[in-house]
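got a predicted structure here, sequence first:
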Amino acid sequence: MSKVAVVYWTGSGNTEAMAAAVAEGAEAKNATVEQILAADFSLSAAEEYDAYAFGCPAMGAEELEDSEFQPMWDEVKGSLGDKKVVLFGSYGWGNGEWMDAWKEDAEEAGANVIDSLIINEEPDDDGIAACQALGAQLA
């Protein structure tokens, strides 16, 4: 049984809803899952997990949230090794450039990014199902 960390930052609640659905998808495949706010996750905690889902909405000019999420991400991204990683988040403008840049940053740091998902605004039923499928990939 794998142990999955679903680590996220949310402003409006959309990414939090996505995180819950990602966790449900992994749990449905018998993974042990912990949902963790970005401010509560660190390099030492990262060692405890077999797979990771990181969630952050697009902020500003299509970038990661910079006061809590980005510092945590910068600390842990290089230590993820060959463990499975998925990235997810919501956006309200633009075309998803922040996810493309984030995925590239993760891969350059050596992370094994197996998939990513963006959803415009609040996830609808199809979006929740896509999040659950994303979580299932980690289990």
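All right, it came through fine.

pull the CA atoms of stretch 120-128 into PDB?
Extracted in PDB, the C-alpha atoms of stretch 120-128 (Å, rounded to 0.1, in the frame of the first residue of the first chain):
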ATOM      1  CA  ASN A 120     -10.800  26.700 -14.900                       C
ATOM      2  CA  GLU A 121     -12.400  28.100 -11.800                       C
ATOM      3  CA  GLU A 122     -14.300  25.700  -9.500                       C
ATOM      4  CA  PRO A 123     -14.300  22.000 -10.500                       C
ATOM      5  CA  ASP A 124     -17.600  20.700 -11.900                       C
ATOM      6  CA  ASP A 125     -18.500  17.000 -11.800                       C
ATOM      7  CA  ASP A 126     -16.200  16.200 -14.800                       C
ATOM      8  CA  GLY A 127     -13.400  18.100 -13.100                       C
ATOM      9  CA  ILE A 128     -13.900  16.200  -9.800                       C
END
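
how close does the closest residue to residue 129 other than its chain neighbours sit to residue 60?
Spatial nearest neighbour of residue 129, excluding adjacent residues (C-beta to C-beta, 6 or more residues apart in numbering): residue 21 at 8.0 Å. For the C-beta atoms, the positions are set from N, CA and C on the backbone; glycine is no exception. Distance, residue 21 to residue 60, using C-beta to C-beta, to the nearest Å: 25 Å.

which one's more surrounded, the two?
Taking other C-beta atoms under 10 Å, residue 21 and residue 60 do not tie; residue 21 has more neighbours (22 against 9).

tell me the contacts of that one?
Contacts for residue 21 were tallied using C-beta atoms under 8 Å, 6 or more residues apart in numbering; they are 123, 127, 128, 129, 131, 132, 135.
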